[in-house]
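*Asks:* Following is a predicted model, sequence given first.
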Amino acid sequence: MGIHIFQGHEPALKSSYINVVIDVIRAFTVTQYAFMKGAEGILLAGSVEEAFKLKQKNPDYLLAGEVGGLPISGFDFDNSPANVFKADLRNRYLIQKTTNGVTATLNSLDAEYVFVTGFSNARTTAEFIKNKLIGPAPDQLINIIASHPDGDDDLACAEYISGLLHGPRSCTGKEAADRIVNSAAAQKFFDEAKPQFNPEDIDLCIKERSSGFIMKVSYKDRIPMIERVSV
């Protein structure tokens, strides 16, 4: 088994057994909380225009995401897990467009299994892969993609997952959480001059939750979609 960590939303990947795409602040923390609030599935859009086209075809679907970290006009949700956690999403589908996490996922589909996660669901994801998917074959390739091009938040989570899968652990859960809080990507959430960024989001991004599911990317009508899979 080979585990490789890549950084950025345009990774140069070979075909692999498993790809794990990470976006801690905040896309895949949002998806976890959306599923916790009852969402059925989350379609991935590569652009704002594509998101609106998917919405036209599926009027009942909800739009969620950001451009440059900021809300998108006409979207139902921004990229805040705190805001999503307040919503009732039972039996609803979402369409998600984000700068790093969604883009990286759409560039990481050439694998037998594709998973997405933030730090909050990282341990559950790693344990599922280790216990259910990793076998004795030495040629199993696992790519872990830290989607932020230069952010230590996603890289810390990637190193944490790598250690959980195959040790030795270069980054513990506490160390990863500390690195996330201290990362450049997190600092704007603590800046009173930027009220559009909610510090509660960071609290949710660094809290590990045993939610009982992992998030797997599959296809719905040829559109990549994140599905909740119970563990």
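*Replies:* Arrived safely. On a predicted model such as this, the values are computed, not experimentally measured, just so you know.

*Asks:* what's the single longest helix in this protein?
*Replies:* Ranked by number of residues, the top helix in the chain under DSSP state H is helix 152-166.

*Asks:* buried stuff in that one?
*Replies:* The neighbour-count check on helix 152-166 (16 or more other C-beta atoms under 10 Å) flags 152-165 as buried. To be clear about C-beta, it is placed using only N, CA and C from the backbone, and glycine gets the same treatment.

*Asks:* moving C-terminal of that helix, what's the next helix or strand?
*Replies:* Sequence-wise, the next helix or strand downstream of helix 152-166 (DSSP states H and E) is helix 173-182.

*Asks:* Hey, what's the angle from that following helix to helix 152-166? Just curious.
*Replies:* If you take axes from the mean of the first three to the mean of the last three C-alpha atoms, to 10 degrees, helix 173-182 sits at 170 degrees to helix 152-166.

*Asks:* what does the helix or strand encompassing Phe52 contact?
*Replies:* Assigned by DSSP H and E, Phe52 falls within helix 48-57. For helix 48-57, contacts defined as C-beta atoms under 8 Å, 6 or more residues apart in numbering pick out 43, 45, 61, 63, 65, 67, 72, 74-75, 95-97, 223.

*Asks:* any idea which helix or strand comes after it?
*Replies:* Next along from helix 48-57, by DSSP H and E: strand 62-65.

*Asks:* What mean pLDDT does that following strand get?
*Replies:* Per-residue pLDDT values over strand 62-65 give a mean of 98.

*Asks:* helices and strands around it, which ones?
*Replies:* Packing partners of strand 62-65 (3 or more C-beta pairs under 8 Å, 6 or more residues apart in numbering; DSSP states H and E): helix 27-36, helix 48-57, strand 93-97.

*Asks:* What residues of the second one count as buried?
*Replies:* Same thing as helix 48-57. For helix 48-57, by 16+ other C-beta under 10 Å, it's Val48, Ala51, Phe52, Leu54, Lys55.

*Asks:* which residue packs closest to Asn107, ignoring adjacent ones?
*Replies:* In space, Asn107 comes closest to Glu10 once its chain neighbours are excluded; the distance is 5.6 Å by C-beta to C-beta, 6 or more residues apart in numbering.

*Asks:* mind listing what the one you found touches?
*Replies:* Neighbour list for Glu10: Thr103, Ala104, Asn107 [criterion: C-beta under 8 Å, 6+ apart].

*Asks:* ok, the spatially most central residue of the chain to Asp203 distance?
*Replies:* For the chain, the residue nearest the mean C-alpha position is Phe28 (2.7 Å; C-alpha atoms, centre = their mean). Separation of Phe28 from Asp203 (C-beta to C-beta, to the nearest Å): 16 Å.
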